[in-house]
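> the sequence and its predicted three-dimensional model are supplied below.
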Amino acid sequence: MTSRLDIKEPLRYSDLESRLYMAPTITNRVKELRTARGWTQEQLAQAAKVSRQSINSIERNRYVPSLELALTFARLFACSTDTIFQLENEK
């Protein structure tokens, strides 16, 4: 006699659960905002107290800044963090 416990069914996730496990992607407008102000990467780096390489990595979406740095950018650019950074899900 076979019970339901003996039958192996593939795992199924609801639509909501599968969306929760999708890797988030954060895009940013740091380069756009920096160039609009006529600042170099070095100038922004000095104002934010990070390296120029960090600014370059952030602008190329290779590095997601810390919350502290995101808030620093918001202060320097005089706008909200939502204006600079957007959270999107990969498809």
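That came through, no problem.

> ok, residue 52 - contacts?
Shown in contact with residue 52 (CB atoms under 8 Å, 6 or more residues apart in numbering): 41, 42, 45. Quick note: C-beta positions are derived from backbone N, CA and C, even for glycine.

> tell me which element the residue lying closest to it once chain neighbours are set aside is part of?
Closest residue to residue 52 apart from its sequence neighbours, by CB to CB, 6 or more residues apart in numbering: residue 45 at 4.4 Å. Residue 45 is part of helix 41-48 when elements are defined by DSSP states H and E.

> tell me the buried residues in the helix or strand following that helix?
Downstream of helix 41-48, the first helix or strand assigned by DSSP H and E is helix 52-59. Going by neighbour count (16 or more other CB atoms under 10 Å), the buried part of helix 52-59 is 54, 55, 58, 59.

> from residue 29, how far off is the last one?
When distances are taken as CB to CB, to the nearest Å, residue 59 and residue 29 turn out to be 9 Å apart.
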